[in-house]
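Participant: Dropping a prediction and its sequence here:
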Amino acid sequence: YYLLTVEQIDPRLPCHLEIDPRDVAEEEALTTLEGINTRVTKLAAVQEQDTQDIYEVMEDTQATLTTQLSSLQGHLATALGKIRALQAREQARAGAPEGASSST
């Protein structure tokens, strides 16, 4: 390995400093690793927030669909009641006994 003097790096710096390239390489590796760890941590936080947002949308959608289904069931029950009433009136007009031609 080579020891570089401060004059070799920058002559304007004080002359009593020496820099070991191994220390520089190790520091760069640590800095790179810290950078990667920071990016992974930030990515994990973003992913967690995105996941929470998706779950909120899913829950809202499920609530909306449940409400719509309940409303449709009510409309269907009302329509079925009206159909049965109309069938009963039609059978009464035709003189047939109630329920004689009903298939429901």
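Facilitator: Okay, I see it.
Participant: Would you mind checking the average pLDDT for the lengthiest helix in the chain?
Facilitator: For the chain, the helix with the greatest residue count under DSSP state H is helix 21-94. Averaged across helix 21-94, the pLDDT comes to 89.
Participant: Residue 88 and residue 32, how far apart?
Facilitator: 83 Å (Cβ to Cβ, to the nearest Å). (C-beta placed from N, C-alpha, C; glycine too.)
Participant: Comparing those two, which residue is more hemmed in?
Facilitator: residue 88 (13 against 10; other Cβ atoms under 10 Å).
Participant: how far away is that one from residue 82?
Facilitator: To residue 82, residue 88 is 11 Å away according to Cβ to Cβ.
Participant: Please apply the same query to residue 57.
Facilitator: Here residue 57 is placed at a distance of 37 Å from residue 82 (Cβ to Cβ).
Participant: do the same with residue 65
Facilitator: 26 Å.
Participant: And for residue 27, the neighbour number?
Facilitator: 10.
Participant: Ok, residue 81 next?
Facilitator: Using other Cβ under 10 Å, residue 81 is surrounded by 10 other residues.
Participant: what's the spacing between it and residue 73?
Facilitator: Where residue 73 is concerned, residue 81 sits at a distance of 13 Å (Cβ to Cβ).
Participant: ditto for residue 88
Facilitator: Relative to residue 73, residue 88 is positioned 23 Å away (Cβ to Cβ).
Participant: go on, residue 57?
Facilitator: Separation of residue 57 from residue 73 (Cβ to Cβ) stands at 24 Å.
Participant: and what of residue 48?
Facilitator: Distance from residue 48 to residue 73, by Cβ to Cβ: 37 Å.
Participant: What of residue 42?
Facilitator: Distance, residue 42 to residue 73, using Cβ to Cβ: 47 Å.
Participant: so how many other residues sit close to residue 45?
Facilitator: Number of residues near residue 45 (other Cβ under 10 Å) recorded here: 10.
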